[in-house]
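Peer 1: Would you be able to build a 3D model of this:
(one chain, ligands or ions: 1)
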Amino acid sequence: MQEIRKYWRNYIDGGWVDAEDGDRIAIENPATGTQIAEVARAKKADIDRAVASARAAFNGRELYNMRPVNRGALMFEIARHMTEMADEIALAECLDNGKTLTGGKNEALAAARYFTYYGGLADKLEGRMIPLGADYVDYTIPSPFGVSAQIVPWNFPLQIAARSVACALATANTVVLKSPELSPLSTYFIAEACHRAGVPKGAVNILCGYGHDCGAALVAHPDIDHIVFTGSVATGRAILHAAAERIIPSIMELGGKSAAVLFGDADIEQAVNSTASGIFTHAGQVCSAQSRLIVPKALEDEVVERLVKKAKSLSIGPGIDGHDITPVISAAQADKIEGMCLAAQQAGGEAASGGRKAAGLTGHFIEPTIFTRLTPDMTIAREEVFGPVLSILTYDDPEEAISLANGTDYGLCAGVYTRDLATAHWAADRLIAGQVFVNEWFAGGIETPFGGMKRSGYGREKGQEALRGYVQTKNVGIRITGGGGGRPGG
Ligand code: NAD
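Peer 2: Reported below is the predicted structural model:
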């Protein structure tokens, strides 16, 4: 078994430090259930230090005063260091998050790419000139907010942290980021890359702690100016209460229960493969997972049969051995998923495949699961499971399919399987979701705006649009002395 460092410190004010009180959090490998490392456990005192450091860096204006093209070049350096460390990052992501080494490496490279993508945009965020007649010059400045407080979940900590830190740096905000207590290790490499690249001291601070004390202390801190939160709806709501106290603008990337509608003319093989990738990738612990498939009644048997065959072909085991179905993050998460599956069966649902923890493995593994015989009011068909569990619903006419797809509180992603462009557009136009995939779940990338409608949140990450969430418009109106269009001596 490959080894990783046994103890990881927080990165505050340009240096690696223990927690103020010396406390630590044990980090477990979800594929084995054994402890692999410890991290310094930040609490309020550590958050206070980090926010003070980010404030000093912001007020010092070093990032802001740089020519944006040079800020971009600094970000390219961060990307270069991330790329150089990609194998180490992949191992950390594999051991504390359960992913495959290939998956971990792809994430490291994607994280690096966030820094080149937004680094390349740092000198392209322009204000506007607004015509007020010859006696005035009026223009807008896209101004940074100040200290951006960022909180990241455990499923894709590296990419989610990279996308928010990169946007913040491109727009000259400074950052205090709280990494997830279950799988923080990959995020430390962002701090390391910033350090090696020469990012000004205090501009990026990365700490690990629990949500209830460390996270809560960060979002309630009187000296933060902006919040970026990715996580569950319940935590998002609690954070918004804290934000409301001080009128702090927030970007909320929350959960989902995303559905794809399969139309009668679809390429069923393509839809089955795409659905399997949409729900079984990272054992379904993906906010944008395709957790529901809505099929015409007449095709239900065929589609279910093919999906079950696909599910049974997938291997279950540790990511480090390259398996298809990797572990869920913790014993508690495995219990929660299995409990939801058992409740669904009691409510009348049928597990056409899976529905239980995988037998004979020591880590936290759930069988790839497909539920049929569901009604839309059942919890399994409405609420996020965050595991490898697909719910199948059926419809008679297309309007009903759209209303089923739109019939939850969430609105993160949606999908359409069809060969007909007109049908694809008809459905995409009616689906209430921030991102619609046609014929390939997860079609999109760093370049495409991502975020929710309804309870899935607001604001957009990824794409050029994300930068708008990290600046506020300042309008400058100048009266040209003396009138007369500013004519000298006028
Ligand atoms: P979570 O809400 O439990 O935790 C997310 C983060 O918030 C963690 O770092 C946690 O420590 C912190 N936190 C918890 N309580 C807090 C509090 N009171 N104040 C401040 N911070 C607090 O979510 P999770 O279980 O880590 O992640 C799974 C959830 O995240 C799912 O609902 C998933 O859909 C969502 N998610 C959304 C996206 C997206 O981009 N929309 C991406 C990934 C995950």
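Peer 1: Please point out which parts of the helix or strand containing residue 380 sit buried.
Peer 2: Per DSSP states H and E, residue 380 falls inside helix 379-382. Of the residues in helix 379-382, those buried by neighbour count under the rule 16 or more other CB atoms under 10 Å are 380-382. All C-beta spots, glycine's among them, are computed from the backbone N, C-alpha and C.
Peer 1: Repeat that for stretch 238-245.
Peer 2: Buried positions in stretch 238-245, judged by neighbour count with 16+ other CB under 10 Å: 238-240, 242-243.
Peer 1: Equivalent analysis for stretch 81-98, please.
Peer 2: Neighbour counts using 16+ other CB under 10 Å place 81-83, 85-86, 88-98 of stretch 81-98 among the buried residues.
Peer 1: so residue 57 sits right up against residue 63, yeah?
Peer 2: Yes. Residue 57 is in contact with residue 63 according to CB atoms under 8 Å; the separation is 7.3 Å.
Peer 1: Overlap in contacts, those two.
Peer 2: Common contacts of residue 57 and residue 63 (CB atoms under 8 Å, 6 or more residues apart in numbering): 174, 200, 203.
Peer 1: Reformat the residues you listed as JSON lines; add distance to residue 327.
Peer 2: Output for the shared contacts of residue 57 and residue 63, formatted as JSON lines (distance: CB to CB, whole Å):
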{"residue": "174", "distance to residue 327": "36"}
{"residue": "200", "distance to residue 327": "39"}
{"residue": "203", "distance to residue 327": "35"}
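Peer 1: wait, what's in contact with the closest residue to the ligand within the stretch 51-200 of the chain?
Peer 2: Evaluated by CB to the nearest ligand atom, the stretch 51-200 of the chain has residue 153 as its residue closest to the ligand, separated by 3.3 Å. With contacts taken as CB under 8 Å, 6+ apart, residue 153 has the following neighbours: 160, 180, 230-232, 287.
Peer 1: mind redoing it with 10 Å?
Peer 2: Under the criterion of CB atoms under 10 Å, 6 or more residues apart in numbering, the neighbours of residue 153 are 160, 179-180, 182-183, 211, 229-232, 235, 253-255, 285, 287, 329, 386.
Peer 1: Next step: these restricted to strands.
Peer 2: Secondary structure of the contacts of residue 153 is defined by DSSP state E; positions in strands are 179, 229-230, 253.
Peer 1: Counting neighbours, which of those residues comes out on top?
Peer 2: For these, the largest number of neighbours (other CB atoms under 10 Å) sits with residue 179, at 31 neighbours.
Peer 1: Roughly how far does that residue sit from residue 300?
Peer 2: 43 Å (CB to CB, to the nearest Å).
Peer 1: Then residue 75?
Peer 2: Distance of residue 75 to residue 300, given as CB to CB: 49 Å.
Peer 1: higher neighbour count, those two?
Peer 2: Between residue 75 and residue 300, residue 75 has the larger neighbour count (other CB under 10 Å), namely 27 against 18.
Peer 1: you'd agree residue 305 is up against residue 295?
Peer 2: No. Between residue 305 and residue 295 there is no contact, the gap being 11.7 Å when judged by CB atoms under 10 Å.
Peer 1: For those two, work out which one has more neighbours and name it.
Peer 2: Each of residue 305 and residue 295 had its neighbours counted (other CB under 10 Å), and the higher figure belongs to residue 295 (28 against 12).
Peer 1: Now for that one: which residues touch it?
Peer 2: Applying CB under 10 Å, 6+ apart, the residues near residue 295 are 260-264, 266, 268, 271, 275, 301-304, 307, 372, 392-395, 401, 417.
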